[in-house]
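Q: Dropping the sequence and predicted coords here.
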Amino acid sequence: MSSIVTKGGDQGETSLLYGGRVPKDDLHTEAYGALDEAISAMGLARSMCAHEEVAESLLELERECFTVGAEMATATADRAKLLRHFPTLEAAAVDRLEQEVHRLESEVGMPAGFVLPGGTPAAAAIDLARTMVRRAERRAVALARAQELANQEVLRYLNRLSDLLFMLARQEESGATTLK
């Protein structure tokens, strides 16, 4: 690509991962676009983290979310192409997130009541990413209901991801890890 300016979307359309033009408000673009917002928020949070362990977790999650995004950016009819070129989300990834949530619950503890974001700038940014993941999850549900999400693990993953982000924000606030 010689320039970010392609003019291909000037008429309100974009391409899915393996071709096919769709409106920019298509269920696929809504879903992976919402996840892209969450990835950016995780990057912002990571840049502010005081705790190296939290920052490393966020970086790993950002990378993994690109796999999730690829699944949402692929039309069901083109899934075989995706499977030939990229790894896809498996149940083990969801299980790993759940185990990490449980580890943090035991290490950091659960809050006694509702949490108002803003305990630290980084924790607030993680909480923002969590709400964006929830939006991506809602968009993925719409995609699944339209029979355009072949891998149901995506729904489970996004649900666990928001739980993990909640706990990472609490960890960032807690001082439970070694500072950078």
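A: Sure, I can see it.
Q: can you give me the helices in the protein?
A: 27-48, 52-72, 79-85, 91-108, 121-145, 153-174 (DSSP state H).
Q: winner for burial among those helices?
A: helix 153-174 (a mean of 23; mean count of other C-beta atoms under 10 Å). Where you see a C-beta, it was placed from the backbone N, CA and C, and this is true even at glycine.
Q: I'd like to know which elements that one is packed against.
A: helix 27-48, helix 52-72, helix 91-108, helix 121-145 (3 or more C-beta pairs under 8 Å, 6 or more residues apart in numbering; DSSP states H and E).
Q: how far does it sit from the chain's center?
A: Relative to its parent chain, helix 153-174 has a centroid offset of 9 Å by C-alpha atoms, centre = their mean, to the nearest Å.
Q: how about JSON lines for the helices and strands packed on helix 153-174, with distance to Arg156 and mean pLDDT added?
A: Below are those laid out as JSON lines (distance: least, C-beta to C-beta, whole Å; pLDDT from 0 to 100):
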{"stretch": "helix 27-48", "distance to Arg156": "15", "mean pLDDT": "96"}
{"stretch": "helix 52-72", "distance to Arg156": "11", "mean pLDDT": "96"}
{"stretch": "helix 91-108", "distance to Arg156": "5", "mean pLDDT": "95"}
{"stretch": "helix 121-145", "distance to Arg156": "10", "mean pLDDT": "97"}
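Q: still on that earlier bit, quick one: closest of the helices of the chain to Gly20.
A: Across these, Gly20 has its closest neighbour in helix 27-48 (9.3 Å, C-beta to C-beta).
Q: Just want the angle from that closest one to helix 153-174.
A: With axes from the mean of the first three to the mean of the last three C-alpha atoms, to 10 degrees as the basis, helix 27-48 and helix 153-174 are set at 20 degrees to each other.
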